[in-house]
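> what would the 3D arrangement of this be:
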Amino acid sequence: MAGAKDPENDCRECIPAVSREGYSLSAEGTVCPGYGGDFMQFLCNEVGVCVERTRGYCQIGEDTFDGGTVNPTNKCEWCDPEQNPDDWSYRPVNSPCGTDNLACTDDVCDDSGNCVNVVFGGCLIEGQCFGPGGVPEGEDCLVCNPVVDDSDFAYRAPGEACESLDGDPMMKDTCNDAGDCEHKPRGQCIITETTVVGGEAANPANSCEWCDPEKSTVGWSPKASTAPCASDSLDCTTDVCDGEGTCKHELASGNCLIGDKCVVANAKHPDDTCLECDPAADTTKYVAVVSDICQAECIVDADCDDDALECVDYKCVEKPECREDADCPEEQKCVAEHCVSEEKPECEVDADCNDDNLVCRNEKCVEKPECVEDADCNDDNLICRNEKCVEKPECTKDEECPGDKVCRSQKCVDEDKPECKEDSDCTKAGKGDVCIKQKCQVASLEGGGLGCSTTTAGGQASSAGAFGALLAALGLVTRWARRRGGGSDTSR
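Numbering: from 1, shown residues only. Okay, here's the model as predicted:
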């Protein structure tokens, strides 16, 4: 029965589309018995071994699904976090996906996420199963021939008998090459002194020969090609004549005939899951499966035959000394998969130092600092800096100083303010006319000769006098520059 489990291996089951002769491998990812906790599960791998795997999950839209959950709307999709944690993934080929209750089909997933009806041992025509050689009602010249087409009827071989049209014993009803039943004179053959009616009996020694008076009336003639002949009782072959008198057993596509057993493509050897039927390579024997696991040194730890080894990525490697502290003896801990002696800290809290003058810092007892905060200094004139009590500074910013004083190097000192910044500062203070290098100076030069400072009735310098004084000042600067440069002074 399809789906029935092998009592000796939960990763093998009856899959008629793969083999009707014995159990086949369950699809990779099929759940098998075992419990590894909420985040682990047991699944069949590609060679039919039940192994523990991390369950994982998929976040699909707003819903969360555990690994291995089948899509409720498509039985050929499931949650496989290794393929895609954000959407449904295709299930492995040949995963079961329901049943259509037809005896000649098995419902399995293809490689595109579709549930397909795989026909085995006959034809599925318009929803009805027909065995090899089966004919539709009232159509004697049509026949199920899976080698030709497993989804439609094929024509029977020309000359094959069909239902009599009028019951006249001297007439014979045979199929023509267009699939129609024709009414022809029967005729007869005289073969080794025996009279044989045309188109009735086949040669007892060769099912692909019969009496065909149109070809010979004195001997057996070959039946037409595709005419049925003696069966070999195998579901994967169609027994037909070749048109030259020989019965051939043609292998249906997608099958191997190994020994006397029918094996479908990709079906594994019953005793060696690294051998399979590959019709493209050889239809007469199992061929090697090319995969990491089939070239593996091991699959489970027990394959390594050494307690000091374990199986990692299909290779036997040395087991680590530890994976967690619990794997190590007392007073040792696991560091980089090795057990090492654990160095106990000198202290964990201040009290472990057993000395009021010591404190615990970074698991070591060190000298107790003079202070940790200002209050530890017990003096309003002291503050704590770098665990030392130091004199409190007089100030840290100008606002903390009185009057016109400013804060320099944490001391309040008299501010050395500039006398001026612009000419207007000088005139407002009555200290001069121009601001030069933050000092007020009088611009007028008495007796300068280039202009005189005249005083108005209000006592203010006239503009003409101020302008003359400025030109005189510029003349002095020019003469000074020439002397510095070694030039002659011609203004004297």
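> buried sites along stretch 88-106?
By neighbour count, with 16 or more other Cβ atoms under 10 Å as the criterion, the buried positions of stretch 88-106 are 88, 89, 90, 91, 92, 94, 95, 96, 97, 104, 105, 106. No exception for glycine: its C-beta is placed from N, CA and C like everyone else's.
> okay, now the nearest residue to residue 381 once chain neighbours are set aside: neighbour count?
Nearest non-adjacent residue to residue 381, counting by Cβ to Cβ, 6 or more residues apart in numbering: residue 392, 5.2 Å away. A count of neighbours around residue 392, defined by other Cβ atoms under 10 Å, yields 15.
> could you pull up the residues touching the residue nearest the centre of the chain?
The centroid of the chain falls nearest to residue 83 when counting by Cα atoms, centre = their mean (4.5 Å). The neighbourhood of residue 83, defined by Cβ atoms under 8 Å, 6 or more residues apart in numbering, consists of residue 89.
> helix/strand/coil for it?
With DSSP: H, G, I helix; E, B strand; the rest coil as the basis, the three-state label of residue 83 is coil.
> relative to residue 67, how far out is it?
Residue 83 sits 10 Å away from residue 67, taking Cβ to Cβ, to the nearest Å as the criterion.
> which residues does residue 215 contact?
residue 221.
> so how far is residue 247 from it?
Distance, residue 215 to residue 247, by Cβ to Cβ: 18 Å.
> where along the stretch 201-350 of the chain do the strands fall?
Per DSSP state E, counting those that start in this stretch, the stretch 201-350 of the chain has strands spanning 202-203, 206-210, 221-222, 237-241, 247-251, 255-258, 261-264, 268-269, 272-278, 282-288, 309-312, 315-318, 332-335, 338-341. These are given in chain order.
> hey, C-alpha coordinates of the fifth one in CSV?
When you say that, I think you mean strand 247-251. The C-alpha coordinates for strand 247-251 follow below in CSV (Å, rounded to 0.1, in the frame of the first residue of the first chain):
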residue,chain,number,x,y,z
CYS,A,247,8.8,-10.5,-30.0
LYS,A,248,10.5,-7.6,-28.2
HIS,A,249,10.0,-6.3,-24.7
GLU,A,250,10.4,-2.6,-24.9
LEU,A,251,11.3,-0.7,-21.7
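> residue 388 is in contact with residue 370, isn't it?
Yes - in terms of Cβ atoms under 8 Å, residue 388 counts as a neighbour of residue 370; the distance is 5.3 Å.
> and for stretch 398-418, what's in contact with it?
Around stretch 398-418, the neighbours that count as contacts under Cβ under 8 Å, 6+ apart are 393, 394, 395, 396, 397, 438.
> actually stretch 356-366, not the one I wrote
For stretch 356-366, the surrounding residues in contact (Cβ under 8 Å, 6+ apart) are 345, 346, 347, 348, 349, 350, 352, 353, 355, 367, 368, 369.
> ok, back up a step: among the strands of the stretch 201-350 of the chain, which comes closest to residue 191?
Proximity to residue 191, assessed across the strands of the stretch 201-350 of the chain by Cβ to Cβ, is greatest for strand 202-203 (8.6 Å).
> give me the sheet partners of the closest one and which way each runs.
Strand pairing for strand 202-203, determined by DSSP bridges: strand 206-210 (antiparallel).
> including mean pLDDT and distance to residue 296, could the strands of the stretch 201-350 of the chain go into TSV?
Putting the strands of the stretch 201-350 of the chain into TSV (pLDDT from 0 to 100; distance: least, Cβ to Cβ, whole Å) gives the following:
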stretch	mean pLDDT	distance to residue 296
strand 202-203	88	55
strand 206-210	92	50
strand 221-222	92	54
strand 237-241	89	36
strand 247-251	91	32
strand 255-258	92	25
strand 261-264	88	24
strand 268-269	86	15
strand 272-278	87	9
strand 282-288	92	13
strand 309-312	89	8
strand 315-318	90	7
strand 332-335	87	29
strand 338-341	87	28
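> mind checking those strands for the one nearest to residue 72?
Distances from residue 72 to each of the strands of the stretch 201-350 of the chain were compared using Cβ to Cβ; the minimum, 29.4 Å, belongs to strand 261-264.
> packing partners for the closest one?
Secondary structure elements in contact with strand 261-264, counted by 3 or more Cβ pairs under 8 Å, 6 or more residues apart in numbering; DSSP states H and E, are strand 255-258.
> partner strands of the strand it packs on, with direction?
Using DSSP bridges, strand 255-258 pairs in its sheet with strand 261-264 (antiparallel).
> low-confidence ranges in the protein?
Low-confidence segments of the chain, defined by pLDDT under 70, span residues 1-2, 17, 34-40, 164-170, 444-492.
> please parse it into its domains.
Domain segmentation of the chain under automatic domain parsing yields 5-121, 136-251, 301-341, 350-391, 392-422.
> CSV for the ones you listed, including distance to residue 428?
What follows is those, written out as CSV (distance: least, Cβ to Cβ, whole Å):
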stretch, distance to residue 428
domain 5-121, 77
domain 136-251, 113
domain 301-341, 80
domain 350-391, 43
domain 392-422, 9
